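Novice: here is a sequence with its predicted model. Questions after.
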4 protein chains.
Amino acid sequence: MIPAHNENDKAPAVLRWRSAVPLQSARHFLQIPGPTNVPDRVLRAIDRPTIDHRGPEFAALARECFEGLQSVFKTTGPVVIYPASGTGAWEAALVNTLSPGDTVLMFETGHFATLWRRIAGKLGLEVDFVPGDWRHGVDPAAVEEKLAADPAHRLKAVMVVHNETSTGIASRIAEIRQAMNRARHPALLMVDTISSLASLDYRQDEWGVDVTVAGSQKGLMLPPGLSFNAMSEKALAAARTARLTKSYWSWEDMLAANRSGFFPYTPATNLLFGLREALRMLMEEGLDNVFKRHARFGEATRRAVRAWGLELLCLEPKEYSNSLTAVLLPDGHSEVELRRVILENFNMSLGSGLGKVQGKVFRIGHLGDFNDLMLCGSLCGVEIGLALAGVPHRQGGVAAAMAYLAAENASRQQTTKRRSAS
Amino acid sequence: MIPAHNENDKAPAVLRWRSAVPLQSARHFLQIPGPTNVPDRVLRAIDRPTIDHRGPEFAALARECFEGLQSVFKTTGPVVIYPASGTGAWEAALVNTLSPGDTVLMFETGHFATLWRRIAGKLGLEVDFVPGDWRHGVDPAAVEEKLAADPAHRLKAVMVVHNETSTGIASRIAEIRQAMNRARHPALLMVDTISSLASLDYRQDEWGVDVTVAGSQKGLMLPPGLSFNAMSEKALAAARTARLTKSYWSWEDMLAANRSGFFPYTPATNLLFGLREALRMLMEEGLDNVFKRHARFGEATRRAVRAWGLELLCLEPKEYSNSLTAVLLPDGHSEVELRRVILENFNMSLGSGLGKVQGKVFRIGHLGDFNDLMLCGSLCGVEIGLALAGVPHRQGGVAAAMAYLAAENASRQQTTKRRSAS
Amino acid sequence: MIPAHNENDKAPAVLRWRSAVPLQSARHFLQIPGPTNVPDRVLRAIDRPTIDHRGPEFAALARECFEGLQSVFKTTGPVVIYPASGTGAWEAALVNTLSPGDTVLMFETGHFATLWRRIAGKLGLEVDFVPGDWRHGVDPAAVEEKLAADPAHRLKAVMVVHNETSTGIASRIAEIRQAMNRARHPALLMVDTISSLASLDYRQDEWGVDVTVAGSQKGLMLPPGLSFNAMSEKALAAARTARLTKSYWSWEDMLAANRSGFFPYTPATNLLFGLREALRMLMEEGLDNVFKRHARFGEATRRAVRAWGLELLCLEPKEYSNSLTAVLLPDGHSEVELRRVILENFNMSLGSGLGKVQGKVFRIGHLGDFNDLMLCGSLCGVEIGLALAGVPHRQGGVAAAMAYLAAENASRQQTTKRRSAS
Amino acid sequence: MIPAHNENDKAPAVLRWRSAVPLQSARHFLQIPGPTNVPDRVLRAIDRPTIDHRGPEFAALARECFEGLQSVFKTTGPVVIYPASGTGAWEAALVNTLSPGDTVLMFETGHFATLWRRIAGKLGLEVDFVPGDWRHGVDPAAVEEKLAADPAHRLKAVMVVHNETSTGIASRIAEIRQAMNRARHPALLMVDTISSLASLDYRQDEWGVDVTVAGSQKGLMLPPGLSFNAMSEKALAAARTARLTKSYWSWEDMLAANRSGFFPYTPATNLLFGLREALRMLMEEGLDNVFKRHARFGEATRRAVRAWGLELLCLEPKEYSNSLTAVLLPDGHSEVELRRVILENFNMSLGSGLGKVQGKVFRIGHLGDFNDLMLCGSLCGVEIGLALAGVPHRQGGVAAAMAYLAAENASRQQTTKRRSAS
C-alpha cells in the first residue's frame, strides 16, 4: 500500500527554509558529505555530445573506465558500473549473491547501515542486526564472536559500511577480515565504500573483500547517477547459485557485455565521460596523495571542533573518518537551525543529522575535489555560524586548524626540499 | 553460473571496425534511434555544480521536472524519475504492479518487446507472448480476442511497446485501449514509450494507459541515465497488493519522498538540471509542433527509401514510426558493412539490425533535437554510403526528400502568411 | 627599434617558480585584483556556438548588452564595446577626443596611472604628470589648483584612475568634478574604472565624467577580452574635431553601426554572450547590494591586515579601495617569495607588487564573483602563508575578519527580520 | 563629427527579418564564411576558469600557442596575438612598418581589400589602389608592372588579401612574390589570410611574406576576439624606423613581453585556452589533410552551383577559393530574400553580398570545423531555398555534389586499402 505519511525524514525541516533563502552570491560551498564539489574538468567532460553506445569509440571509453576503477578499488577482479544511485549497488550486491531466506550479519553503525538492512529485509533476507550506539564502527571482535557462534554457517554474508556517512566513523575492514579468518567462517564480506572510496585507503583484494559497493558522487568527484560493484572470485561463484530474482542488477548479463566494452542496456554515457576524467585526475594526483590530503582535512577539522569545545560524534580515534566529521551540538540547540543560518548567510550546505541523531548532529564534508583554503573557508563559515545561531562554543577553531595546516605544510616543504637536495 | 557466451548481439560486429576508424572531423551525425543529439542548452545545463539534494533549491528543481513530465505524458497522475536506464523502468512497471506467477500478455513486435518479455520471465511472471513477424505493430483485434478468451482474468496486464525501436513500427495505443474496453477486461495496460515520448503523440490519461515506461535519451533530448514511470490510479491500486520483491524500484518510497520535492535515495541531480532545460525547450516549441516536425522527418525519410528502391521494414502505413525508419537491405548485402562504410567515410552512426533482423536491417534515427538540414545531411550520407558499399539502389532518395520538404515548407509559409494577414 | 631588453617587469620573478609548482588540487583561489573568478553562469554562456554577427539574433544580444552597460555606468549616453583589453580602451579615450600636441593633466597615483601616461606620450600628447607617493589618490584640491593656473585652457583633459589597481587606492571622482567646476575649466574629465566598475559606486552622468574607460575582467566578472568607453555629449562634441589618427578605436564608425545593433568589424561574439549573462547577474543582485558586498570584503580585509600588524599601502581612509587591498611587507621581506609560498602551498594567486612597489607590496583581490567564505579562505591562506614565508606578523587577522563578518551578518539578519515583521 | 548616416551596409536589410524569424529547432547551420562552427572541444576549453596571466601556468599556455601558430603560418619568425578583431591586425601590420605619408600598393579584389585600403587612408598613408572587377584575384603581372614602374621605391609595401571573403577568390601569393622578386623591388609584402589560414595552403617563410594578418574565427575554428601578425626579419627591421603612432598595436612591447611567455597588457586568456585546443586539433588532423578536406568542399560546392545553372562570382579557376563560394543570382533576384527564406525555413545562415555585390551575391562558407554531411545538408538548404525563394535554377546541385563526394571517398578508400595491403 502507498501510505500517506512521508518516510523521508529530511525534507520537512529543510523546506521550512525555502522562502527565507536570499540571493546567494558567488560559489556555493557544498560541504555535505556528498555529492561533493565536482571539478570543472569533470563537468566539462560530461558536457559533450553523447556517442553511440554500440560504436568503437564507446568501447574504448568503457575499457578505460573499467581499468581505472580496478586501480581505485585495488582489485584485479571485475567492476561493474550501474546507471543508478549507490542504493542500487547495495541491492545489486545482495540479489547477485544470496537466495530468499538467507541470513546475513549486519551492524547498526548508523543511518546508512540501517537503510541497507531495510533493503535486505525487503528482498526477503533475514538480517542478524547487531545493535550499536552510532558512535563506534563495527567491532572486529564482535564479528569474530558472531561467526564463531555459527558453526552451521547459517550466516551467508557479513555486511559492513566502511565509512558511515551519517556519523563520520570508519570501520576497520582489514581487521574485520582477520576476525572472519580467525573464525574460519565462509561468509562473504560485503563492504559499502560509498563515502570512502578514493578518499580513504581501501584495498579490495588485499583485504579479502568479496563485494564492494560504491557510488560516483563522493570521492570519485562525479555527479550522482553511477554506482559500482567490485566482486571477488568467491562472490562470482556465489552468484552462480544465488536465487534472489534479478534482472537490471544481474552481474551475469553485465559481465558478459562488458567483456567487449559494452553494456546489456543503455549506459549513462555522459557520466562515463566524467568518470574517465575523474579517474585520470586521481591517477595524476596519485591515490596515496589523495589519502594524505584527506587525512589532513580530517585532522584539521577535528582540531577545530575540539577548539570550539564541541564534541565529535565518533568516540574511537582509530575510527575517525577523514572524509567527513560529525559534530554533536549541545542540548537544546538544533542542527537544523544552525545549518539554516549558515546556508542563508554564507551560501554553504552542511550535512544534516540523519535518523537517530537528527536535530543533534551536523556533518562537515571534507572529501573529493577539495583543498586547504576551501576547508578554511568552510570552517570559518561554521565558526561564525555557531555565533550567529547562538550555539555555545569557544572561538579559535579556525585558528587551531590553521596552526595545524601551517605545520603540515611546513613539514611538506621540508620534505620536498630534502628530496630536491638529495 | 556466469556463462562464457555473450548475449550482447551487437558488440562483436562493431568491434571489428575499430582499428579502421580514421580521425573524424567536425560534428558527428548521431543518427541511431537514440541516444539522440543532445542540444547544447541541455548539455550546458548539466554542466553546472551539483547541489545539495536535500536543500530548497533542489526541491524547486524536482517540482519543475515533475510538472513538466506530466505535461509531456499528458497525465494528471504522478510520474516517477529513476536514476537508471529505460530497462530499469521496464522492471519497475512490473515489480510494482504484479505478483509472482502472474500472467501478462505481450506481443512480439520486435527486439525490445522480446527483451521486455525476457525481463518479465526473470522476475517470475508468466508471459503469453503472441508471435509476430517484426513488420507489424500490435493488432488491436488480437488484443481483444486474447482478452475475450480470458473470462477468468488470468491476464493481469497487457504490455505493449508503443514504438518498436528495432523496427520503426508504432502500435496504435488508443485502439488497443478500445479493444480492451470492448473485452471488458480488467488487465492493466502498460506501454513502453522509450522511443516515442516527446516525438510521437502520446496521451496517458486520454488513452487510459495504466503504466507508461520512458527514458531520457530519445525524444527528451537528454543523455541516457534517467527513466520514468507514469501511473494511473488503477496502477497505484494494483501496487498496494503487488507482491514481487522490490526496493530500488518501489513506487511507494519514491512517491512519498517526491511529495515534498525529494527522493528516497540520491537522485541524478545533474541529469535533472538537463531534464528541466529539455522540458522548457519542448514547451517553448509546443508539443504539437514537435510532433509535426517529427512527422515531416518520417515522411521525408520514407520517400527517400522508396526512391532508392529499398524496402521499409514496416508493412502497415498506419504504423509508420516518425521517430525512426528501419530499412531492409537486398539479400546478400549486410547492414554491418553499410554502416561501417558510412561511419568511416561520413562520421555518421546509424542504428544496427537487432535480434532477428540483425545483418538485414539498418535504422535511421530522426528524432529529438533535429531539423530539416540535419535530416538532409543524414540522407545524403545514406545515399552515398549505399553507393560506396555497393548496395543496389536507385539514386534520387535525397531529391525525393528535398522535394517533399520544399512542398512542406512552402505550405507552412503560406499558412504563416495567411495568419499574419488575417 | 625593437630592443633586446624586456620591459615586462613581472615575468622573470614569476618564472623562477615554474618548475617548483606542484600539482594543485581542487579550485584555484584567483585573488589577484583581476582577472577575477568568472561565475559558472558566465562561462557557460560563453560556451555556446558563435552566431552570425550580422543576423537578427545578434542585434538583440548587442542591444541588451548596450542597455545593461548604461545601467552599470549610470549613463544615458552611449557605451561602446571593443574586442580588446582595457589598455585599448585607454587608447580609445585619447585618440577620439584629442589632437596631436594637446596637453593633458594626469596624476601619478600608481602603476596604472603611469602606464596610461606612457600611452598618452606614445600618441603624441603632452602630459602634465603630477607626482605622487603611490599612497594617496588624486587630491581634488590639486586638480583645482592646476586648472586655476591654466587660464588659457591649455589642458584639454584631466585623466584620473578611479581605483588604482596597483595600490588599492580609490580617488574621489565626484569631488574632483566639483574641483573642476570650481575652477570653471572646460577640460574633459576622463576616468579609468577598470578595477572599480561594478564593484565600487560609480556614476558617469551624475558625476559629470566625459569619458569612462572600463574592462571586462574585474567587477564585470568576465574573462579579459572586452573593453569599454562611455562618453558624454561633451566628449562626443570633442570627437568631431579631434585629430589624432584612429581607425580601430574610432567612436564614429562604432556608434554608427551600434545604432542598429551591429559592429563595424567582427565583434567578440562569445564574450558578448558572457557579458549579457554577467549584466543579468548584476541586475538580479542589484548594484547597491553589489557595492555593499564589496564594502564588507574591503573592511574585513583591512581589519585582518591591521590585526596582522602589517601596514596598508593606502594612507587615507576616505580612499580605501573595496575591490582590492595592497599590503606593505616589513623591510627585508619579499612579496615575491610570500606569493610563491602561498601559490605552491595553497593554490592561491595574489597580486604582485607593480612598478615602484615591486617586491614590497602584495595585493589581495576581493572583487567580482566573491563571497564571505571565499574571502575567509583567502585570508586564511595569507595568514598561514605569512608564517610559512617567515614574515613577522601577529596571528589573529582571520579572527578579526570573522568577528567583523559575524557582526555584519547579525546586523543584516536583524534588518531582514524587522522588515519581515513590519 | 559623428554623422547620422550608417556606413554599415548589412544591418538594415537583415533587421527587417527580425519579427518574422520563427523558433528554430536544433543545430544552426552557420555557413557564413566566418565566424565558423566552433568545435565543442574548443568551446569547452574556453569554458574554464580564467587564470593569473602573470603566473607560471599562463606562460606554458602562451608558449604552446606561439609555437603552434608558427607551425600554422609555416614560419620560424615570431607571431603576435592581439586581443582584438582581425581589423586590428590589419592596422597593426601598417602602424608597425610604415611612416606617415608612405605609399602602399593595394588591389581592389573585393570588399575586404577596400576596407583595408580605407584603414590605410585613415592612418595617413597614400594608397595606390589598382581597380578590379571583384571577379579576379591580384594579377601577379600587374604587381610586377607596378613595381617595375617605381624605380624610386616610393611604394613601401604591397598589400594583398589572400582569400577575398567577399568574393570567394584566392590570390596567388607565391606568384606575387615571384613577380616582386623579378621587379627587384624592396617593398614589403603584407598578406591578409583572415579567411584562408588553416583552410588553404599558406607558407609565410617559403613564399617570402613579410607581414601576415590573420584572425581567430575562420580556419582556426575559434570565436572572434583574437587576431595575429606574423612577421619576417625584414618587417622587424622596418619596424625599427616606422613612425606611424602606435601603442596597443606595437610589436616592440609585445615581442619583449612574449619572450618570457607574457603580454604587455591583459591577454584574452580564455580565448587562448581555445586557441591551444584548436591548434592541437589542427595538428592531430594534419595541415595537409585539412587543406585536402577544404579542397573537397570547394569542388563539391562549385559542382553544385554549376548544376543549378548559377554563376560563380570567381571567373578564374586557378583562383577558386576552397573556404567559401560566392554565387551570383540571376538579375531581378535578391540574395537578401533568398537568405531570409533559408534562415527562416532551415535555420541556416549564409553570407550576404557585401559592398559592390550587395543584393546580387550570396556566399556559402565551407571552412573550419566542417565535414561532408554538414556540407550536404548546407547544399540541400540552398537548393530547396532557391525553389522556395523563386530563384530560377535547375535541380541537381546536391546530386552533383554527392556524385563527386562519392567518387572522392571511393578513391580515398582505395588509397587506404592499398596502403594497408602494402
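Specialist: Received the coordinates, thanks.
Novice: what's the nearest residue to A:Phe66 if we skip its chain neighbours?
Specialist: In space, and not counting its chain neighbours, A:Phe66 is closest to A:Val79: 6.1 Å by C-beta to C-beta, 6 or more residues apart in numbering or on different chains. C-beta: built from backbone N, CA, C; applies to glycine.
Novice: let me know the pLDDT of the closest residue in space to A:Gly137 that isn't next to it in sequence.
Specialist: Excluding the flanking residues, the one nearest A:Gly137 by C-beta to C-beta, 6+ apart is A:Ser171, at 3.5 Å. In this model, A:Ser171 is scored at 98, pLDDT.
Novice: isn't A:Ser171 up against A:Val138?
Specialist: Yes: between A:Ser171 and A:Val138 there is a contact under C-beta atoms under 8 Å: 4.2 Å.
Novice: need the overlap of contacts for the two.
Specialist: Common neighbours of A:Ser171 and A:Val138 (criterion: C-beta atoms under 8 Å, 6 or more residues apart in numbering or on different chains): A:107, A:109, A:160.
Novice: any of those buried? List them.
Specialist: By neighbour count, with 16 or more other C-beta atoms under 10 Å in any protein chain shown, those hold A:107, A:109, A:160 as buried.
Novice: near chain B, which of those show up?
Specialist: Contacts with chain B are made by none of these, judged by C-beta under 8 Å from any C-beta of the partner chain.
Novice: how near is A:Arg303 to C:Gly381?
Specialist: Distance of A:Arg303 to C:Gly381, given as C-beta to C-beta, to the nearest Å: 18 Å.
Novice: number of residues surrounding A:Ala410?
Specialist: Applying other C-beta atoms under 10 Å in any protein chain shown, we find 15 other residues in the vicinity of A:Ala410.
Novice: tell me the contacts of the spatially most central residue of chain A?
Specialist: Centroid-nearest residue in chain A, with C-alpha atoms, centre = their mean: A:Ser195, separated by 0.9 Å. By C-beta under 8 Å, 6+ apart, the contact set of A:Ser195 is A:33-34, A:163-165, A:218-219, A:321, A:323-324, A:367.
Novice: spatially, which two of those are the most separated?
Specialist: Using C-beta to C-beta, the contacts of A:Ser195 span at most 14.9 Å, a distance reached by A:Glu164 and A:Gly219.
Novice: looking at those two, which is more packed in?
Specialist: The neighbour count for A:Glu164 versus A:Gly219, taken as other C-beta under 10 Å, is higher for A:Glu164 (34 against 30).
Novice: that one pairs with what?
Specialist: Taking DSSP bridges as the rule, A:Glu164 bridges to A:Ile169.
Novice: contacting residues for it?
Specialist: Residues in contact with A:Glu164, defined by C-beta under 8 Å, 6+ apart, are A:109-113, A:134, A:137, A:170-171, A:195, A:321.
Novice: relative to B:Gly261, which of the residues you listed is nearest.
Specialist: Comparing those against B:Gly261 with C-beta to C-beta places A:His111 closest, at 20.6 Å.
Novice: what pLDDT does that closest one get?
Specialist: Per-residue pLDDT puts A:His111 at 98.
Novice: surely it meets A:Ser166?
Specialist: Yes: with contact defined as C-beta under 8 Å, A:His111 counts as touching A:Ser166 (3.6 Å).
Novice: and for the two, which residues touch both?
Specialist: With C-beta under 8 Å, 6+ apart as the test, A:His111 and A:Ser166 both reach A:354-355, A:357.
Novice: what segments of chain A are strands?
Specialist: Ranges of strands in chain A, per DSSP state E, are A:29-31, A:79-83, A:103-107, A:126-130, A:155-161, A:163-164, A:169-170, A:188-192, A:211-215, A:226-231, A:311-312, A:324-328, A:348-350, A:361-365.
Novice: how big is the angle separating the last one from strand A:324-328?
Specialist: Spelled out, that is strand A:361-365. Inter-element angle recorded for strand A:361-365 and strand A:324-328: 160 degrees (by axes from the mean of the first three to the mean of the last three C-alpha atoms, to 10 degrees).
Novice: list the helices and strands strand A:361-365 packs on?
Specialist: strand A:29-31, strand A:324-328, helix A:335-346, strand A:348-350, helix A:372-388 (3 or more C-beta pairs under 8 Å, 6 or more residues apart in numbering or on different chains; DSSP states H and E).
Novice: out of the ones you listed, nearest to chain D?
Specialist: Chain D lies closest, by C-beta to the nearest C-beta, to one member of the helices and strands packed on strand A:361-365: helix A:372-388, at 14.0 Å.
Novice: gap between that closest one and the chain center?
Specialist: Offset of helix A:372-388 from its chain centre (C-alpha atoms, centre = their mean, to the nearest Å): 23 Å.
Novice: show me what contacts the residue in chain A positioned nearest to chain C?
Specialist: Nearest residue of chain A to chain C: A:Gly377, at 3.1 Å (C-beta to the nearest C-beta). By C-beta under 8 Å, 6+ apart, the residues touching A:Gly377 are A:29, C:373-378, C:380.
Novice: let's go with 10 Å and repeat that
Specialist: When contacts are counted by C-beta atoms under 10 Å, 6 or more residues apart in numbering or on different chains, A:Gly377 touches A:27, A:29, A:31, A:346, A:348, A:398, C:29, C:371-381.
Novice: any idea how far it is from A:Phe370?
Specialist: Using C-beta to C-beta, A:Gly377 is found at 11 Å from A:Phe370.
Novice: overlap of the contact sets of those two?
Specialist: The contact sets of A:Gly377 and A:Phe370 overlap at A:Gln31 (C-beta under 10 Å, 6+ apart).
Novice: so which bits of stretch A:49-63 are buried?
Specialist: The neighbour-count check on stretch A:49-63 (16+ other C-beta under 10 Å) flags A:49-59, A:61-62 as buried.
Novice: what's the distance between A:Pro152 and chain B?
Specialist: Not quite, residue A:152 is Ala, not Pro. Per C-beta to the nearest C-beta, to the nearest Å, A:Ala152 is found 25 Å from chain B.
Novice: just the pLDDT for that residue.
Specialist: Looking at A:Ala152, its pLDDT is 98.
Novice: before we move on, what about the one 3 residues further on?
Specialist: Each residue has a pLDDT score; the one for A:Leu155 is 98.
Novice: neighbours of it, just the number please.
Specialist: For A:Leu155, using other C-beta under 10 Å, the count is 20.
Novice: would you agree it is in contact with A:Ala187?
Specialist: Yes: in this structure, A:Leu155 is within contact of A:Ala187 by C-beta atoms under 10 Å, at 5.0 Å.
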